[in-house]
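K.L.:
for reference, the sequence and a predicted model appear below.
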Amino acid sequence: MTLRITVIGTGYLGATHAACMAELGFEVLGLDIDPEKIATLAAGKIPMYEPDLAELLVKHVPGHPGSSGRLRFTTSYEEVAEFGDVHFLCTNTPQKKGEFAADMSYVDAALDSLAPHLKRPALVVGKSTVPVGSANRLAIRLAELAPVGEAAELAWNPEFLREGFAVGDTLHPDRLVVGVRSERAEALLREVYATPISDGVPFVVTDFPTAELVKAAANSFLATKISFINAMAEVCESAGADVVQLSKALSFDERIGGKFLNAGVGFGGGCLPKDIRAFMARAGELGADQALTFLREVDSINMRRRSRMVELAREQCGGGFLGRRVAVLGAAFKPNSDDIRDSPALNVAAQIQLQGAQVTVYDPKAMDNARKMFPGLAYAASALEAAEGAHVVLHLTEWQEFRDLDPADLGAVVAERRILDGRNILDDAKWRAAGWHYRAMGRPSVE
Ligand code: UDX
């Protein structure tokens, strides 16, 4: 009989995982404690912007023409426990207020709510990004609470999906990592992932702490790579060198590779910043803090990018922001997403506004979220509208739409043709040819 799968917590990770499990052919029941979220998903809609996800929901939730009907949603833990053979925990682990550590309360609450209902054999699989040691702790809790006893087991299976590519990354991941304690757990997870495994996706079987650490290590490596090139950008600026050429030259070395080597305003989002901080906090608890002190530097380099962008904008405004108009292109923390969590673009926009400029923001997808979080900023319906009367235009999230802008069109509405490229991706020759002063981070300034 085909496995029945449940997904607990239907945020970014959970909603995507649930839809993808249905796509792989399983009967799926998604649970969230937020009834509004459940109603939205059950209607085949998603509460965020994520390419391909809404289409996948419509393909599988009942009630849509031609749908498989394999994907349903509920708010009842009892129903989930009765239904599922494999339960994926996909709740979030935000940064604790005022601390670096991860807030485990949502994961703990999910396990505590599910376990007492487990009357039939089940595999509970953690997917959330958690401090190393959590799986062991949760396994003990599961054993204490599940009426079915040892037939309820835990496994850990970290998720590596990127926002904007969540569906593709879930169906065709780079690798699958599973932390297990029994052959039965491994066999069940091999069954869940039979399709990607048969497509050749590497399946790495480890113990609990290694599986948990793979995720922390992967995100730390990515953050370090970005901060490395941003540190090079700082040196390039001092030395009059060009970080874009430097990065390109480095990328031909296969040991280094070109991905995650784009200098600019740095990383943001709901994962990298909080994950490296939680990792440092956990290493401290384990007495291994010295091993990760470099991550503090990675974090500082990253945060310095934002202040540097504010300084560059001030320079472009003639030394002060008072009475100046600044257009900000981008609000999401990266393109193809409406996620504004710890977004460098909005952080820079808010800092400049606080220092006296009038800042107008435009983003293709993140306007509603940005408005809610930063109601004091002005918002425009297009890049052109945002640029009206601007003394400087800041390009802070690299949407394709901004790359496609015609510098002449924008030039016709601004007060001054000055553009700061915070992502080092616009065609500088094209902008300069249209009479713009183009300045980027870590590249020589051409007057
Ligand atoms: C990240 C990891 O990539 C993913 O594997 C993990 O599961 C969750 O965290 P995500 O937060 O979706 O995914 O974003 P990612 O694509 O990694 O980008 C993170 C940030 O780094 C963005 O703000 C992006 O603009 C920035 N970035 C990325 C750079 O500044 N330079 C680069 O070269 C690459």
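P.N.:
Cool, got the structure.
K.L.:
the residue lying closest to residue 272 once chain neighbours are set aside: what's it in contact with?
P.N.:
Closest residue to residue 272 apart from its sequence neighbours, by Cβ to Cβ, 6 or more residues apart in numbering: residue 223 at 4.8 Å. C-beta: built from backbone N, CA, C; applies to glycine. If you count contacts by Cβ atoms under 8 Å, 6 or more residues apart in numbering, residue 223 has them with 267, 272, 273, 275, 276, 295, 298, 299, 302.
K.L.:
give me the subset of the residues you listed touching the ligand.
P.N.:
Near the ligand, judged by Cβ under 6 Å from any ligand atom, the entries from those are 267, 272.
K.L.:
now the strands for the stretch 251-400 of the chain?
P.N.:
325-329, 358-362, 378-379, 392-395 (DSSP state E, counting those that start in this stretch).
K.L.:
and of these, who's closest to the ligand?
P.N.:
strand 392-395 (12.3 Å; Cβ to the nearest ligand atom).
K.L.:
parallel or antiparallel, which strands does that closest one pair with?
P.N.:
Applying DSSP bridges, strand 392-395 is found paired with strand 325-329 (parallel), strand 418-421 (parallel).
K.L.:
most packed of those strands?
P.N.:
strand 325-329 (a mean of 29; mean count of other Cβ atoms under 10 Å).
K.L.:
what comes into contact with it?
P.N.:
313, 317, 345, 348-349, 352, 357-363, 377, 380, 383, 386-397, 399, 402, 414-415.
K.L.:
select only the buried ones of these in PyMOL?
P.N.:
Selecting the buried subset of these in PyMOL, with 16 or more other Cβ atoms under 10 Å as the burial test, is done by:
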select buried, resi 313+317+345+348+349+352+357+358+359+360+361+362+363+377+380+383+386+387+388+390+391+392+393+394+395+396+397+399+402+414
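K.L.:
now do the contacts for residue 74.
P.N.:
29, 30, 31, 38, 80.
K.L.:
7 Å instead, please
P.N.:
Residue 74 sits next to 29, 31, 38, 80 when contact means Cβ atoms under 7 Å, 6 or more residues apart in numbering.
K.L.:
what are the bridge partners for it, then?
P.N.:
residue 31.
K.L.:
which residues of the stretch 301-447 of the chain fall in helices?
P.N.:
344-354, 367-373, 383-387, 400-403, 407-411, 428-433 (DSSP state H, counting those that start in this stretch).
K.L.:
and the fifth one, how far out from the chain's middle?
P.N.:
What it means is helix 407-411. Relative to its chain's centre, helix 407-411 lies at 32 Å (Cα atoms, centre = their mean, to the nearest Å).
K.L.:
picking that back up, tell me the most buried of the helices of the stretch 301-447 of the chain?
P.N.:
Most buried among the helices of the stretch 301-447 of the chain, counting by mean count of other Cβ under 10 Å: helix 344-354, with a mean of 23.
K.L.:
quick one: residues in contact with it.
P.N.:
With Cβ under 7 Å, 6+ apart, helix 344-354 has contacts from 265-266, 268, 305-306, 309-310, 313, 321, 326, 328, 330-331, 333, 340, 359, 361, 370, 373-374, 376-377, 394, 396-397.
K.L.:
show me what from the stretch 201-350 of the chain comes close to the ligand.
P.N.:
219, 222, 226, 260-262, 264, 266-269, 271-272, 333-334.
K.L.:
which of those residues are buried?
P.N.:
219, 222, 226, 261-262, 264, 266-269, 271-272, 333-334.
K.L.:
got JSON lines for those, with pLDDT too?
P.N.:
Converted to JSON lines, those look like this (pLDDT from 0 to 100):
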{"residue": "219", "pLDDT": "98"}
{"residue": "222", "pLDDT": "98"}
{"residue": "226", "pLDDT": "98"}
{"residue": "261", "pLDDT": "98"}
{"residue": "262", "pLDDT": "98"}
{"residue": "264", "pLDDT": "98"}
{"residue": "266", "pLDDT": "98"}
{"residue": "267", "pLDDT": "98"}
{"residue": "268", "pLDDT": "98"}
{"residue": "269", "pLDDT": "96"}
{"residue": "271", "pLDDT": "95"}
{"residue": "272", "pLDDT": "97"}
{"residue": "333", "pLDDT": "98"}
{"residue": "334", "pLDDT": "97"}
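K.L.:
pull the longest helix from the protein.
P.N.:
helix 208-239 (DSSP state H).
K.L.:
got the buried residues for that one?
P.N.:
208, 211-216, 218-220, 222-234, 236-237.
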